[in-house]
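Student: Turn this into a model:
(one chain, ligands or ions: 2)
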Amino acid sequence: MQLVILDRDGVINEDSDDYIKSPAEWIPIPGSLEAIARLYRADWHVIVVTNQSGIARRLFDLDIPVRIHEKMQRSVSEAGGLIDAVFFCPHSPNDNCNCRKPKPGLFLDLARRLRINLYGVPAIGDSLHDLQAARAAGASPILVKTGKGSSTLNNPEITVDVPIFSSLAGAVDALLVTDPKDNSSI
Ligand SMILES: [Mg+2]
Ligand SMILES: [Zn+2]
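Tutor: Numbering: from 1, shown residues only. Ligands and ions are numbered 1, 2, ... in the order given. Okay, the predicted model is just below:
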């Protein structure tokens, strides 16, 4: 099974310092929905892992991410793709949970549920916390420059072995080039 793990805000949709608090505020980054569709056509599974501390901060209720993810699924589906599952952490940094990235809890949870090892599984994110969580779970972090990515790029903690792409579309193209099963370019 080919699997890729995606961060949400700043990777699939435009990020906001004011949090994404409603389906209307969820705006896809150009090319991201089509990129997920290319993955789907090439038989890749896509799982989203996202920190949503706006819940713990009482900026929005638990039904908001559910409605936002309905919109995200609908948008991806209209583009011809599919997101297999969304895992989110509702906690704040002060909660000291095991699931908020940079902790690997959500990654380990999905690995347990799917009974897979995350070794070599690409995990695409725009913040240092995404990369750290991926690495701690044994996955292979990839940085995109969308969202917080352009500032993350300058973080001295970014290690030289992390591949960097301009956007999800570019990262997916690179994944599919090395995937012999992909024939979407034919
Ligand atoms: Mg992000
Ligand atoms: Zn959590």
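Student: ok, now which ones touch the nearest residue to S127 once chain neighbours are set aside?
Tutor: Spatial nearest neighbour of S127, excluding adjacent residues (Cβ to Cβ, 6 or more residues apart in numbering): K148 at 4.8 Å. The way it works is simple: take the backbone N, C-alpha and C, and place the C-beta from them, glycine included. Applying Cβ atoms under 8 Å, 6 or more residues apart in numbering to K148 gives the contacts 10, 15, 126-127.
Student: and what of S22?
Tutor: So S22 contacts 60, 64, 67-68 (Cβ under 8 Å, 6+ apart).
Student: Counting neighbours, which of these comes out on top?
Tutor: I68 (25 neighbours; other Cβ atoms under 10 Å).
Student: Would you check that E25 makes contact with D9?
Tutor: No. With contact defined as Cβ atoms under 8 Å, E25 does not reach D9; the gap is 10.1 Å.
Student: Mutual contacts of these two, please.
Tutor: S16.
Student: What are the boundaries of the helices in the chain?
Tutor: Under the criterion DSSP state H, helices of the chain are mapped to 32-41, 63-78, 105-114, 128-136, 149-152, 168-177.
Student: Serialize these to JSON lines and add fields for mean pLDDT.
Tutor: Below are the helices of the chain laid out as JSON lines (pLDDT from 0 to 100):
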{"stretch": "helix 32-41", "mean pLDDT": "98"}
{"stretch": "helix 63-78", "mean pLDDT": "96"}
{"stretch": "helix 105-114", "mean pLDDT": "96"}
{"stretch": "helix 128-136", "mean pLDDT": "97"}
{"stretch": "helix 149-152", "mean pLDDT": "96"}
{"stretch": "helix 168-177", "mean pLDDT": "97"}
